[in-house]
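Asker: I need the structure of the sequence given here:
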Amino acid sequence: MGEIVTLLAAQEQRGLDPNIVRPGWLALGIVVLLCVAVFFLAKSFARHTRKASQPWEGEPAERVEEDADRRD
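Answerer: As a prediction, this is how the structure comes out:
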């Protein structure tokens, strides 16, 4: 019985014709907006990582260099 249902489902026409359907301007706009958002996220991430590598107030710079050597 299950085989008959799958055969009938395979023969039914889908609502959308793959030869006619194509991505539109809305999809392109969404992709462009996502790319812009990722660019600004990466820029912010780079700025914050540079700021994090600087020593804190009152902390000697030597200690920061030693910590960086341990991580590598």
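
Asker: What number of neighbouring residues does Pro55 come out with?
Answerer: 13 (other Cβ atoms under 10 Å). (C-beta placed from N, C-alpha, C; glycine too.)

Asker: now the helices for the protein?
Answerer: Remark: helices assigned in the chain by DSSP state H are 2-11, 25-52, 61-71.

Asker: List the residue ranges of the chain that fall below the pLDDT cut-off.
Answerer: Applying pLDDT under 70 to the chain flags residues 1-14, 61-72.

Asker: how close does Ala37 sit to Phe45?
Answerer: If you measure Ala37 against Phe45 using Cβ to Cβ, to the nearest Å, the figure is 12 Å.

Asker: Could I get the phi/psi values of His53?
Answerer: Let me fix one detail, which is that residue 53 is Ser and not His. For Ser53, the backbone dihedrals (degrees, to the nearest 10) come out as phi -80, psi -10.

Asker: Check Gly58 too.
Answerer: Here is the backbone geometry of Gly58 (degrees, to the nearest 10): phi 90, psi -10.

Asker: Check the spacing between it and Phe39 real quick.
Answerer: Gly58 is 36 Å from Phe39, by Cβ to Cβ.
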